[in-house]
Structures are given as C-alpha cells and as structure tokens.
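**Q** coords please:
(chains A and B)
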Amino acid sequence: MCRNIGYFIILLLLLFILSSAGCAPQAPAPSGSELSGTFKVIGSNTVTPLTAVWAEEFMKMNPKVNIAVSGPGSGVGIANLIDGTTDICQVSRKIKQSEIDQARAKGVNPYEIQVATDALSVVVHPSNPVSELTIAQLSAIYTNQITNWKEVGGNAAPIVAISRDTNSGTHVFFKEHVVQMAGLKTENTALEYGQDVLFLPSTEAGVTEVAKNPNALFYPGLGYLTDQVKPLAIKKTADDPGVLPSVATALDGTYPVARPLLYYTNGEPAGVIKAFIDYCLSPEGQAKVTEAGYVPLQ
Amino acid sequence: MAIASAGLSKSLRRRWRFSEKLIESFILLNGLLAIIVLLGVLFLLLREGLPAFAYTSPWQFFFGTRWYPVSEPPTFGILSFFMATLWVTLIATAIAVPLGVGCAAYLAEVAPASVRETVKPIVELLAGIPSIVMGLIGLLLLSPLVQGLFNLNTGLCGLTAAIMLAMMSLPIIVTVSEDALRAVPKEFREASYALGATQWETVWHVCLPGALSGIAAAIMLGVGRAIGETMTVLMVAGGALAVPYAPTQPMMPMTAAIASGIGNAVRGGPQYQALFAIALLLFLMTFAVNLVADRVLERQKRKFAR
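**A** Numbers count the residues shown, from 1 in each chain, chains lettered A, B, ... in the order given. From the prediction side, this is the model:
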C-alpha cells in the first residue's frame, strides 16, 4: 500500500516536472513596446471580471507588463489603498469622507476615475411569479418588515433575503440606495439590514443560492446575470413604470439602481498605470465593458 | 605522550560536555518556543482587542445582538456570533464523536487487517480535503438536501455547517482514537477474554476505558477543529445576524464574522479592534476546552490508578 502511494507520488512529480518543462519555452514573446512594470489592482468583487478582461488584453499588448487583479471587496480595496499596499483600488461605491480623512492622515491622496457603470439587478428563482418590486418594497424586505412573498403578490412562502457581506461595495451601495432609499421622499438613514438577512461572502454564492432556492432574493451586478435566475423589474415608486435592468436602461437613466464603477489611485496616475487606465477609457477598452455585461461610460 | 593523550581526552570530554550543554539548551529553547509563541499570540490579541471595550462596554459587546460595523456610528454586539459558534460546534461534536469513536473501535478491534489497511488511509484522505472544497460540497450538495429534509426556507444554515464540520473533524477523531485503542496492551484483551467476556464487553469495558486518554485527546482535537474552522462555515452557515435559537436557522459563527469583516477593517479602527476582541474570545474558548479536557483526563487517570 505504502509503496504504491510512493510510486504514485513519484509519478505525479514526474508529470509535474514534464508539464512545466513543456510550458517553459512558450513564455517569451516578441515585444515592440517599451512599457514594462508590475502593479496591483485590489478591491471590488463586482469590478473584478471587468478589470481581469482589461488586464489580460493590456498584458497581451504589452508583454513586459504584469498586472495582479484580486477582488475581495471594495472595503478591502480601500483599506489597501489607505495602507499603501495596492496601486489601483477598484470599487463599486464612492469613497467615504471618513476614509479620505484616514488616507490623508497616512499621506495617501485618493484620486478618483470612473471607468464604467453597473446596474444592480435584483434576482429571484425563475419559478417565482413575482416580476416587479418597488424600492420601498425591497427596503421593507431587506429590513425584515415584509417576510412573505404573498405580501408583494407572490406565493405564500417566506422570503429568503440574501445580501453580500460588509466587505462588499455592493453591500454598502444597496444599503444606501435601496434599504435607506437615498434620493426618494421616504429616505431614512436610520434603516439597516434586518437580522434575518443572509450575508454571503461572494456574489457567485448568492447567485448559486437563488438558482436553487425558489424563495430566495439577491442583488448581483448586471455582469453576474445567468439564465438560472430571473431579474425583477424595479419601480422607483409605486406610480413609476417597472424597468428591467439592462445596458440600455442603465445608460438612459431609467433603471433606478445603477452605480459608478471607480478606480482610485494615490494621486494622479503616471507611467504604466496611466497607460493602463487610458486603455480602459479608450473606445476599445469601453467595448470590453459591454462584452463583460456592464454599462460603458458613453 | 600519555600525558598528552590524557589532556586530549580531557579537552575532548570538556568539548563533549560543552556540546551536550549546547544541545540541552537548544532543546530547552525549542520547548520554550511554543510557550513564547502562545504568549505572543495572547499579547497581540490583548493589545489589539482590548481597546474595543473602550468603545463598547463589555456587557454591550458580549450580550449585544446588533452588529453593524460599517454604519455611522457602528455598533458591535457579538451574542449572535457566540451562539452560532456554540450551536455549530455542539452539533458537529455530537455527530462526529459517536461516529468517529465507533469507527475507530471497529477498525482497531473488530475489522480484519485487510479492511483496516484499506479503510484507514481512505479516512485519512478525508482530512486532506481543503476546507474550501468542503464548503463547495456543502453549498452544492448538502444544503439542498438539508433544506428538503427539514423543510427549511434555505439550506444555508447552522446544521449544514455542523454536518460539514463533523465530516472534517471525523478523520482526526478516527485516526487518533484508533492509535490509542491499538496502544492498549494485548494482555488486557486476553485477560478479558479469559474471564469469559464477549468481544463487545471487552471493547466497551476494557479497550475503550484503557484508551480513554487518547480518545479524549482525539475529541479535543476534533472540537478544536470545529471551533476554529472558517472557510466552510463562512460559505454554508448562511451568515444571518439574528441570535440563532435553533440550529436550522442561518447563522454566522465567530470565525466567519472575523473573516468576512477583517479585510474591510482599517488597521486600528473600531471594527478592527472589535474583530480582534472576537478573536480573543475565540482563543479563550479553545483554551478553556483544553483546560477542562485536561482536568477530566487527570481525574480519569487517578481513578484507574487506584
């Protein structure tokens, strides 16, 4: 038995060595550009798929550039920016005044660049008969005042309201713009997520849960919509028409839950980072935004 | 010549004595290192965590039920996290201990050698599965099952997390208990059989009590894993902030609360300190578990000594 395992391990090692040896010669590619350098982009889980596409394309054009992208959450990105451990911080909400103060105290000067727009879709299981909700109803659901689907015109079944955890910019954005109803007459900044709301560590986990739970409700970004979940039309107030989330409705401003996707750098960007951001804002870069399922700037 | 050789041997001996001392102090240092690291961890937790109580009173912190770290002003109450950890750990232990000890007893006392040689490596392989994979299994396979079985609103709940944790602490409990059972001297069993005891009586009255200290250590290790496990509970426990009164509710154990908040917390800020205070409580809990288990073991040993 033990000997067998030993052989197996040796075999695995051999395979590993062979495969890495096989890969090695492919690495160097001819380069005509002078750009080189390594930098990090840390922050929002929502922006990550988009930044990853940009980074991949940019590294293809400039083989000497190396970009590391990670998406633990907007809050994490800003904490990293303040601590000086990231070059670009990608976020799905605006930086708070308290965070700017903390950054200034550490000698960091946050510089804001909007790179795209995102519409926050509200999704349910495809079998759920509910097809539209008002912001006020969503707020009541996420504060646990409405707990049954029949109160909003659905089946008699309990609502399982799902949210992102506090690391997420989506968490904060949804709290301000939906739970607390920012910009509406009914705005109430004392409202908080209810105690029965589920906090999940990633957007994928939330979409997965909605795809298999007929009673679940979640709010992923437009880029995370799949065929296994049904987006709801959102009504700003009960009198307004319901609007489904899409690139078009977010661009013309009729979809009420849209938000900017931003990059923050320490001071105005320069060198390779500036080249990267210029690429993101260029027509080719913005074309990738639509492909990735987000809303371009123009 | 003789004098020279005697002098040489004397100096050699002195050198040996010196190297002996060196090795001795090196080993002593190694022994102390564990204690130094432990004290270092405790010191760090106290330094970063205690200031939290300047912001929130200990009463509000431990018995508060509202946790809103990113609100203005933030509130920190961790009763729901504490209860969630308690539920998840208790249920995981309740599932894993009988299964694990039973499995170990079967492997050590009943199973033929060929079965043991096959089953034990497989159980040990279970220990090598990364916690994130266990989380995925819980998310995709177990949670719909639990939801259907108990007719719940969502399968992401404390019970699902507890079952996954039981699966994760099972291999530790089985392996360590089995080793302990096999260390029970053969004469004990032979004496028991000679007195006319059946196999079951031998296992229950001779082998298990004989291996009790090892089994207790195994259970302790298992409980320790269940309390400290983070990724799996973060993924499948549901993460609701309400104080759980039943294991079938979504809940957020202390480890999950720390993991889901720490990335977002600015060093030295109120949320950072509150999370460290939770970590301090977690540390004290595992410490208490070990201490109690140690006492029980000691008493048990004394009983056997008589």
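**Q** what residues does the stretch 101-250 of chain A put near chain B?
**A** Contact residues (C-beta under 8 Å from any C-beta of the partner chain) of the stretch 101-250 of chain A with chain B: A:102, A:158, A:160, A:165-167, A:171-172, A:192-193, A:195-201, A:205, A:208-209, A:212-213, A:215-216. In this view, the C-beta of every residue, glycine as well, is placed from N, C-alpha and C.
**Q** 6 Å - rerun?
**A** A:102, A:158, A:160, A:165-167, A:192, A:195-196, A:198-201, A:212-213, A:215 (C-beta under 6 Å from any C-beta of the partner chain).
**Q** what's the lowest-pLDDT member of the residues you listed?
**A** For those, the minimum pLDDT belongs to residue A:167; the value there is 74.
**Q** Kindly report the residues of chain B close to chain A.
**A** So far as C-beta under 6 Å from any C-beta goes, chain B lies against chain A at B:68-70, B:117, B:144, B:153-154, B:234, B:238-242, B:250, B:260-261, B:263-264, B:266.
**Q** Could you rerun that using 7 Å?
**A** B:68-71, B:117, B:121, B:139, B:144, B:153-154, B:156, B:234-235, B:238-242, B:250, B:252, B:260-261, B:263-267 (C-beta under 7 Å from any C-beta of the partner chain).
**Q** Among those, which are located in strands?
**A** Counted as lying in strands by DSSP state E, out of those, are residue B:68.
**Q** filter the residues of chain B next to chain A to the buried ones?
**A** Neighbour counting over the residues of chain B next to chain A (16 or more other C-beta atoms under 10 Å in any protein chain shown) leaves B:68-71, B:139, B:144, B:153-154, B:156, B:234-235, B:238-242, B:250, B:252, B:260-261, B:263-266 as the buried ones.
**Q** can you tell me which of the residues of chain B next to chain A are in helices?
**A** B:117, B:121, B:144, B:234-235, B:260-261 (DSSP state H).
**Q** domain ranges for chain B?
**A** Using automatic domain parsing, the domain ranges for chain B come out as B:2-49, B:63-305.
**Q** tell me the most buried of the ones you listed?
**A** domain B:63-305 (a mean of 19; mean count of other C-beta atoms under 10 Å in any protein chain shown).
**Q** and residue B:177, how far is that from residue B:164?
**A** 21 Å (C-beta to C-beta, to the nearest Å).
**Q** Now do the end-to-end distance for stretch B:60-69.
**A** 14 Å (C-alpha to C-alpha, to the nearest Å).
**Q** With stretch A:161-169 instead?
**A** So stretch A:161-169: terminal residues 18 Å apart, C-alpha to C-alpha.
**Q** so is residue A:150 in a helix, a strand, or just coil?
**A** helix (DSSP: H, G, I helix; E, B strand; the rest coil).
**Q** Dihedrals phi and psi, the closest residue to it other than its chain neighbours?
**A** Spatial nearest neighbour of residue A:150, excluding adjacent residues (C-beta to C-beta, 6 or more residues apart in numbering or on different chains): residue A:156 at 4.5 Å. Backbone torsions for residue A:156, taken as degrees, to the nearest 10, come to phi -80, psi 90.
**Q** quick one: residue A:156 from residue A:149, how far?
**A** In terms of C-beta to C-beta, residue A:156 sits 7 Å off from residue A:149.
**Q** Quick check on the two: which one has the bigger neighbour count.
**A** residue A:149 (22 against 8; other C-beta atoms under 10 Å in any protein chain shown).
**Q** Can you lay out the ones in helices among the residues of chain B next to chain A as TSV showing pLDDT and distance to residue B:48?
**A** Below are these laid out as TSV (pLDDT from 0 to 100; distance: C-beta to C-beta, whole Å):
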residue	pLDDT	distance to residue B:48
B:117	90	48
B:121	89	42
B:144	89	40
B:234	89	21
B:235	88	26
B:260	84	18
B:261	81	14
